[in-house]
Each structure stands twice: as structure tokens, then as C-alpha cells.
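[1] Sequence and predicted structure are below.
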Amino acid sequence: MASRHHKEAPESHAQPVKADTHEERSERSYKAVAHNPTVSHEARMHAAEKLAEMHEARTGEKIDPANEAAIGDEKARSRESDTR
């Protein structure tokens, strides 16, 4: 049986969110979409951009939307190679 080598997905730079408030729940939802391999790249990028805006407003820390969307992109590539 051949060994499969998968490139590991980058790690999120967004801090975990407790989701006690509407704002926190929204940020958490955008993060989930940005990392979801079943949605389109464009939708992941849009969600990652919204996540970055909300995260900076909440924490004052900037995060790279492209990195957040890359997590979902890598998961999508991994799913595709697993189904072959």
C-alpha cells in the first residue's frame, strides 16, 4: 500500500473566539467558511476578508485573509486527492 503525503494546511492566525456576543459569533462563522473546503475559493476569500476586518476591530491585531483562505484551499486539495 502506497503512503500518501499530504501538505499540511497553514495554521490560522485568528485567535479562538468564545462566541458570547453577536460579533464574536459572526467572526467565528466567517472563520468556519474561510476554512471550509466545500465552498468555492471566492467564497472562502470573501469570508476571510470579513474575518480579518472583524478580528482587527475586536482585537487590534491584523491577520492575513489569504492565509485564512489558504487553509480551506489546502483542505480542498487534500479532499480531492483522497477521492482519487
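    Received, thanks.
[2] doesn't A32 make contact with G72?
    No - applying Cβ atoms under 8 Å as the test, G72 and A32 come out as separate, 9.6 Å apart. Bear in mind the C-beta positions are built from the backbone N, C-alpha and C, glycine included.
[3] What degree of burial does the closest residue to D64 other than its chain neighbours show, as a neighbour count?
    Closest residue to D64 apart from its sequence neighbours, by Cβ to Cβ, 6 or more residues apart in numbering: H13 at 6.6 Å. Close neighbours of H13, defined as other Cβ atoms under 10 Å, add up to 16.
[4] give the contact list for H13.
    H13 is in contact with I63, D64, N67, E68, counting by Cβ atoms under 8 Å, 6 or more residues apart in numbering.
[5] helix or strand right after the helix or strand hosting R28?
    Here R28 sits within helix 22-34, counting by DSSP states H and E. Of the helices and strands lying after helix 22-34 in sequence (DSSP H and E), the nearest is helix 41-59.
[6] Please save the CA atoms from that next one in CSV.
    Presented in CSV, the C-alpha positions along helix 41-59 are these (Å, rounded to 0.1, in the frame of the first residue of the first chain):
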residue,chain,number,x,y,z
HIS,A,41,-12.3,29.8,-3.4
GLU,A,42,-14.1,33.1,-4.0
ALA,A,43,-16.5,32.5,-1.1
ARG,A,44,-13.6,31.5,1.2
MET,A,45,-11.7,34.7,0.2
HIS,A,46,-14.8,36.8,0.9
ALA,A,47,-15.3,35.2,4.3
ALA,A,48,-11.5,35.5,5.1
GLU,A,49,-11.6,39.2,4.3
LYS,A,50,-14.7,39.7,6.6
LEU,A,51,-12.9,37.6,9.3
ALA,A,52,-9.8,39.8,9.0
GLU,A,53,-11.9,43.0,9.3
MET,A,54,-13.8,41.7,12.3
HIS,A,55,-10.8,40.3,14.0
GLU,A,56,-8.8,43.5,13.7
ALA,A,57,-11.8,45.5,15.1
ARG,A,58,-12.2,43.1,18.0
THR,A,59,-8.5,42.6,18.9
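[7] what about stretch 42-52, average pLDDT?
    For stretch 42-52, mean pLDDT is 96.
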